[in-house]
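Peer 1: I'll drop the sequence and a predicted model, then ask my questions.
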Amino acid sequence: GLPVIILTGHGSVPQAFQMSREGVWDFLAKPCDPERLSAMLEAATASRPAATAAGVAPATGPARVLLVDDEPELLEGLQRVLARRELVVSRAGSGEEALASLEQEDVDVVVLDLKMPGMSGLDTLREIRRRFPDRVVVVLTGHLSDPEALRCRELGAAEVLAKPPDVPALA
């Protein structure tokens, strides 16, 4: 029931139709128009069928994003830029702080740094999947080829992006 949007640089029309039959919310070829992606994210999070099935009211209004990173400057900059795109953005400086925030506030998407002191991004992702399975998680890393980055997809990350992130794509 979780809306899934596929972004690919190697897609084709037949693949898009196949993904549609398999339940994918929508499909965008890279490079994609950031405004179209933003509108698609809004529509997908507004539907929140997984939340409705779990007994939680569907999201209304702008998407709610939790940024998790141990670099305060990155958090501040991303929060400012994403808020300009009319997203509701909160932030956490560690995995532990992120989990505490998720207990207190409902968010649609968690943007999670992979390499953090204390609780790693990988451990945080595992715990989010266990405790908050309907949350979409996007992982940020400085090393896309890192085996941990590859493992994130297996653990349910919706996307793994390089740092610094392409803000329109992230939005």
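Peer 2: Now that the structure is in, tell me what you want to look at.
Peer 1: Buried residues in the strand or helix carrying residue 150, which are they?
Peer 2: In this assignment (DSSP states H and E), residue 150 forms part of helix 147-154. Buried residues in helix 147-154, counted by 16 or more other CB atoms under 10 Å: 148, 149, 151, 152. The C-beta positions use only the backbone N, C-alpha and C, and glycine is treated the same way.
Peer 1: How about stretch 98-112?
Peer 2: In stretch 98-112, counting by 16+ other CB under 10 Å, buried: 98, 99, 101, 102, 107, 108, 109, 110, 111, 112.
Peer 1: Pull the most distant pair out of those residues.
Peer 2: Within these, two members stand farthest from each other by CB to CB: 99 and 108, at 16.5 Å.
Peer 1: Tell me the pLDDT of residue 30.
Peer 2: On the pLDDT scale, residue 30 is placed at 73.
Peer 1: Pull the number of nearby residues for the residue lying closest to it once chain neighbours are set aside.
Peer 2: Excluding the flanking residues, the one nearest residue 30 by CB to CB, 6 or more residues apart in numbering is residue 9, at 4.1 Å. Residue 9: 8 surrounding residues under other CB atoms under 10 Å.
Peer 1: wouldn't residue 9 be in contact with residue 28 here?
Peer 2: No: Residue 9 lies out of contact with residue 28 (CB atoms under 8 Å); the separation is 10.2 Å.
Peer 1: before we move on, the earlier item: tell me the mean pLDDT for whichever helix or strand comes after the helix holding residue 150?
Peer 2: Going down the chain from helix 147-154, the next helix or strand is strand 159-162, by DSSP H and E. For strand 159-162, mean pLDDT is 83.
Peer 1: Give the rounded mean pLDDT of the helix or strand following strand 159-162.
Peer 2: Using DSSP H and E, the helix or strand that directly follows strand 159-162 along the chain is helix 167-170. What helix 167-170 shows for mean pLDDT is 72.
Peer 1: Which strands or helices does helix 167-170 pack on?
Peer 2: Counting contacts by 3 or more CB pairs under 8 Å, 6 or more residues apart in numbering; DSSP states H and E, helix 167-170 packs against helix 34-47, helix 72-84.
Peer 1: do that again at 10 Å, thanks
Peer 2: Here helix 167-170 touches helix 34-47, helix 72-84, strand 159-162, going by 3 or more CB pairs under 10 Å, 6 or more residues apart in numbering; DSSP states H and E.
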